[in-house]
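coords please:
(2 chains)
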2 protein chains.
Amino acid sequence: MGISEDGSIRVDVAVVGAGISGLGAAKALHEAGLEVLVLEAAQRVGGRLLTRTLEDGTAFDLGGQWVGPQMSRISRLIHELGLSTFEQHDSGRIDLAAQPLSSMDKLVQAEWEWVKAKLGVLVERVNLPQPALTPDALELDARSVEEWKRENLDSPYLRNLFDQIIRTEYTIEPKDFSVLNLLYSLKSAGGFEGILGLERGNESLRVQEGMGTLCERLAATLGQRVHTNCQVHEILHTEHGATLVAEGLSVQAKRVVMAVPPNQAIRIDFDPVLPRRRTRLMQRLEMGAVIKCFAFYERPFWRERPVNPVDPDHLLFDDTIDATSADGRHPALVAFIGGDDAVLWSDKPPTLRRRAVLEDLALVFGEEALYPTGYFDHDWLTEPFIGGGYACYAPPGVMSAGFEQLREPTGCIHWAGTETAVHYYGYVEGALEAGERAAAEVLQVMRGQLSQARG
Amino acid sequence: MGISEDGSIRVDVAVVGAGISGLGAAKALHEAGLEVLVLEAAQRVGGRLLTRTLEDGTAFDLGGQWVGPQMSRISRLIHELGLSTFEQHDSGRIDLAAQPLSSMDKLVQAEWEWVKAKLGVLVERVNLPQPALTPDALELDARSVEEWKRENLDSPYLRNLFDQIIRTEYTIEPKDFSVLNLLYSLKSAGGFEGILGLERGNESLRVQEGMGTLCERLAATLGQRVHTNCQVHEILHTEHGATLVAEGLSVQAKRVVMAVPPNQAIRIDFDPVLPRRRTRLMQRLEMGAVIKCFAFYERPFWRERPVNPVDPDHLLFDDTIDATSADGRHPALVAFIGGDDAVLWSDKPPTLRRRAVLEDLALVFGEEALYPTGYFDHDWLTEPFIGGGYACYAPPGVMSAGFEQLREPTGCIHWAGTETAVHYYGYVEGALEAGERAAAEVLQVMRGQLSQARG
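Numbering: from 1, shown residues only, chains lettered A, B, ... in the order given. Model prediction:
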């Protein structure tokens, strides 16, 4: 790292955003011998990953919390940073019916198998790196997931189940994103089967120390190369790269990695401006909305008896699951409020929300749920440099207009963030893939320039 | 105007945005005896209204340019500021067929009448101040204008005509906004008939000195009360109103009028934050995209002979019209590039755009169009504090989620801008209505407070 004549810091690569994507990119670049500097607008690193640690050291993830064993990048990083995983306990889930789907009416079962098969065929045809090249892309993109559901599912039970899966998985209303976006997400995450059910799925493991802790440790390996409280306001292209005008800091970099969500990237002033098509695309993507609520109890009573069947439409949250600590010392449930309900409840006082969550937990799990030993929640809409979670989704008509452009470099700027991932878009694994891909792009360009200079 | 102990300026009302809506609000407040201050981020006043004046004083409007005789507010203001209007010359328009619609196939004529009647019935049922209360609002809002067109129009000629009208009128693709938004706009602007045809319609008159000049004169009546180059970054609610943190300036105001488009209002940091529902709504509205191109000629040759029939899908622009100066000394055509094409061409070099526009003008009006005596265009996507034009529209699913909230006060902040207008939403008249309505809200509150203080 050098200091320019004008007092600005000089580095090889400036990374904007210290979420897992930016930190992953910075790690790769640092290990390749480049001078990197990570600029994070918030007071903390981690982005959509955030751990709350109790006094006794037990960690709970207020943000992204799951990994699957097949997610190689995040699994490697967890191992490398000395963290450990444990299995998600399969209890504490909302049950839509008095009995599991497998013992239900044969007709309903058959319809579900049929819909899954249909989705399977559609997912198969998705062009993963370039969704616009998917057969019938325009038609699939013109339709909302809600419309698709109404056309393809008759059983009210299955419509409810489908809604619940979509809302829990995507934190956006089925009416607000396109079928093509859903299919692309599914293919990116290994298909519909990977999302249904926990066993060996994308949500089968938790990190004992917490996902936020993972980011903190990753940032610690970069030391003074990570600046928090350092919002980037402007990125100006220069003859040799870019100048980043940040809060109380100016940085000269040969290359830039943008690792912030699209809905935040558009708040930065670029000079020259980004291509309009690109800006429009980023403007039109919509960040999901989610509030994650933890309730702690003396004992995990939901593991002991069957839960009450409920219609999730009547509940504040879309899904719940066991959130007990690895050692079992802190029995807990976590509930997810997503989509329009999250927006609605974000505007209400936290005390009202707490009461409403506990009352609805009691509807599902019995009166005992009304009396937690502790409660906290995290409203992701209040995060000033994120504005929601889990990820940005594409309303009808947007994805076919060039979603793949999100990962195309613009001048000396390379684009990371889970929204630019080919695999596991919307997941932690995708964020890491995107960060490492952006780092690889930078390395390729800079090595090319180096050999040109030598040659 | 006073200066606080901390050096900030103290006024009764701060108006954010010096477009016609903000200036209109400031005028009303100033005339009512209140201390106002208008803060404009751009280097100029006028917002979406901008006049380019030739050396001999002839004015051409690069932005909004038309008024209709039934638009009482803007007509009054034009008169009051000593400007004059003249009639739009009905020539230089693209013709979709070799003959006018009135002499076409009886079937096509009947289909067009039928579709207009259908639209008329739907428009009739729209709840104008509160679109969410329109019968079947959810259904009308779930559907895009594109889908409605495909369902209701069979004739390829009429589909083209419909597309052309929509793109010209709304500068957004039919797939990208909802039927409810279209119906609301139509009702707000006096129905479908007001939009078709020029005679006594919403686009029948031009202002001789230009609409931008109107704004400049309006700003001049306010003198030092208008600050340009003064972007507002933060608005903090205080005990007695709000503090506005602007570029090089801090303002204490009892009340605030926000008169910037919704897509720009979300760039300001509010403390406390705006209701999430409100922020989400503003995020999801989309600003139209338009590039307005003027070509000047020795003589108005398009008035002399019939134009060539063309399919507007094959043209760069959606529509053209005579733009000759009132005195006839500057024969000119104006062409409108709107929607996705505007976004696409915004990314291309201006010289390419000029050539493409002239070549397409030649397709319609003959080879003479290739040789203008002058040419300029204005790409509204490049305006840093506007980002497009004419107005913000609502993609499917957005309007039914509470569009009318746009005009609800939040704390001491009142909301103006054409997007909040009840009548002529998207028009200059609507911007003025909204500004005057916001000013009336402020006056009502402040007079109430005054009489309370006296009582």
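
which residues of the stretch 251-400 of chain A lie near chain B?
Residues of the stretch 251-400 of chain A lying close to chain B (C-beta under 8 Å from any C-beta of the partner chain) are A:263, A:267, A:269, A:273, A:275-277, A:280, A:283-284, A:286, A:289, A:340, A:343-344, A:346-347, A:381-382, A:384, A:395-397. Placement of C-beta: from N, CA and C, glycine included.

next, the distance between the ends of stretch A:412-426.
End-to-end span of stretch A:412-426 (C-alpha to C-alpha, to the nearest Å): 25 Å.

does chain B have contacts with it?
No: interface with chain B: stretch A:412-426 contributes nothing (C-beta under 8 Å from any C-beta), its closest point being 15.7 Å away.

in that stretch, what's buried?
Buried residues in stretch A:412-426, defined by neighbour count with 16 or more other C-beta atoms under 10 Å in any protein chain shown: A:412-426.

show me the strands in the stretch 201-350 of chain A, by range?
Counting by DSSP state E, counting those that start in this stretch, the segments of the stretch 201-350 of chain A that form strands are A:205-207, A:226-227, A:232-238, A:241-246, A:249-258, A:269-271, A:286-287, A:290-296, A:319-322, A:332-338.

quick one: contacts for the residue nearest the centre of chain A?
In chain A, the C-alpha closest to the average C-alpha coordinate belongs to A:Tyr390, at a distance of 3.8 Å (C-alpha atoms, centre = their mean). With contacts taken as C-beta atoms under 8 Å, 6 or more residues apart in numbering or on different chains, A:Tyr390 has the following neighbours: A:48, A:64, A:170-171, A:288, A:290, A:426.

check A:His240 too.
If a contact means C-beta under 8 Å, 6+ apart, then A:His240 has A:252, A:254 as its contacts.

where does the closest residue to chain B within the stretch 151-300 of chain A land on pLDDT?
Residue nearest to chain B within the stretch 151-300 of chain A (C-beta to the nearest C-beta): A:Arg276, separated by 4.1 Å. pLDDT, the model's per-residue confidence, is 92 for A:Arg276.

and A:Leu183, by the same measure?
Per-residue confidence (pLDDT) for A:Leu183: 96.

what does A:Leu101 give?
With respect to pLDDT, A:Leu101 has a value of 61.

so which bits of stretch A:324-333 are buried?
For stretch A:324-333, the neighbour count (16+ other C-beta under 10 Å) marks A:324-326, A:330-333 as buried.

returning to what we had before: what about the residue of the stretch 151-300 of chain A closest to chain B, distance to A:Arg284?
With distances defined as C-beta to C-beta, to the nearest Å, the gap from A:Arg276 to A:Arg284 amounts to 12 Å.

would you map the helices across chain A?
In chain A, helices defined by DSSP state H lie at A:20-31, A:72-80, A:106-125, A:137-142, A:145-152, A:156-170, A:179-188, A:192-195, A:211-222, A:262-265, A:276-284, A:340-346, A:350-365, A:428-454, listed in chain order.

and for A:Asp322, the neighbour number?
In terms of burial, A:Asp322 registers 17 neighbours under the definition other C-beta atoms under 10 Å in any protein chain shown.

just to revisit the earlier point, can you say which of the helices of chain A is nearest to B:Lys149?
helix A:137-142 (12.3 Å; C-beta to C-beta).

now for the closest one, which elements pack on it?
Under the contact definition 3 or more C-beta pairs under 8 Å, 6 or more residues apart in numbering or on different chains; DSSP states H and E, helix A:137-142 sits against helix A:179-188.

can we see that at 10 Å?
In terms of contacts (3 or more C-beta pairs under 10 Å, 6 or more residues apart in numbering or on different chains; DSSP states H and E), helix A:137-142 is packed against helix A:106-125, helix A:179-188, helix B:145-152.

pick the most deeply packed of those helices.
A comparison of the helices and strands packed on helix A:137-142 by mean neighbour count, using mean count of other C-beta atoms under 10 Å in any protein chain shown, puts helix A:179-188 on top with a mean of 25.

whether that helix contacts chain B - can you check?
No: among the residues of helix A:179-188, none lie within reach of chain B under C-beta under 10 Å from any C-beta of the partner chain; the closest is 13.1 Å away.

who are the neighbours in contact with A:Leu406?
In this structure, A:Leu406 makes contact with A:262, A:265, A:278, A:281-282, A:285, A:392, A:415, A:417, A:419-421, A:425, A:434, judged by C-beta atoms under 10 Å, 6 or more residues apart in numbering or on different chains.

do the same with A:Gln208
Counting by C-beta under 10 Å, 6+ apart, A:Gln208 has contacts A:58-59, A:78, A:83-86, A:325-327.

closest to chain B among those residues?
Checking those against chain B with C-beta to the nearest C-beta, the nearest one is A:Ala59 at 27.9 Å.

any idea how far A:Phe376 is from the residue lying closest to that closest one once chain neighbours are set aside?
Counting by C-beta to C-beta, 6 or more residues apart in numbering or on different chains, A:Ala59 lies nearest to A:Gly210, which is 3.4 Å off, once chain neighbours are set aside. In this view, A:Gly210 and A:Phe376 are 14 Å apart by C-beta to C-beta.

burial count for the residue of the stretch 301-450 of chain A found nearest chain B?
Closest to chain B within the stretch 301-450 of chain A is A:Ser346: 4.2 Å, counting by C-beta to the nearest C-beta. The criterion is other C-beta under 10 Å. On that basis, A:Ser346 has 24 neighbouring residues.

swap in A:Gly19?
Other residues near A:Gly19 come to 30 when the count uses other C-beta under 10 Å.

also A:Arg277?
When counting by other C-beta under 10 Å, one arrives at 16 neighbours for A:Arg277.

which residue sits closest to it in space, ignoring its chain neighbours?
By the measure of C-beta to C-beta, 6+ apart, the closest residue to A:Arg277 outside its immediate chain neighbours is B:Val343, 5.3 Å from it.

got the contact list for that neighbour?
B:Val343 makes contacts with A:275-281, A:401, B:173, B:289, B:291, B:337, B:381, B:388, as judged by C-beta under 10 Å, 6+ apart.

in the residues you listed, which has the lowest confidence score?
A:Ala401 (86).

what residues does the stretch 51-200 of chain A have near chain B?
Within the stretch 51-200 of chain A, the positions lying close to chain B (C-beta under 10 Å from any C-beta) are A:138, A:141-144, A:146-147, A:150, A:173, A:175-177.

got a ChimeraX select line for the buried ones in these?
Provided next is the ChimeraX selection string for whichever of these are buried by 16+ other C-beta under 10 Å:
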select /A:141,142,143,144,146,147,173,175,176,177
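
okay, the residues of the stretch 51-200 of chain A next to chain B in JSON lines with distance to A:Thr228 next?
Converted to JSON lines, these look like this (distance: C-beta to C-beta, whole Å):
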{"residue": "A:Leu138", "distance to A:Thr228": "43"}
{"residue": "A:Asp141", "distance to A:Thr228": "38"}
{"residue": "A:Ala142", "distance to A:Thr228": "42"}
{"residue": "A:Arg143", "distance to A:Thr228": "42"}
{"residue": "A:Ser144", "distance to A:Thr228": "38"}
{"residue": "A:Glu146", "distance to A:Thr228": "40"}
{"residue": "A:Glu147", "distance to A:Thr228": "43"}
{"residue": "A:Arg150", "distance to A:Thr228": "46"}
{"residue": "A:Glu173", "distance to A:Thr228": "33"}
{"residue": "A:Lys175", "distance to A:Thr228": "37"}
{"residue": "A:Asp176", "distance to A:Thr228": "32"}
{"residue": "A:Phe177", "distance to A:Thr228": "32"}
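
was I right about A:Leu81 contacting A:Ala220?
Yes: with contact defined as C-beta atoms under 10 Å, A:Leu81 and A:Ala220 form a contacting pair (9.1 Å).

among these two, which residue is more densely surrounded?
A:Leu81 (17 against 11).

pLDDT on stretch A:52-61, on average?
Averaged over stretch A:52-61, pLDDT sits at 96.
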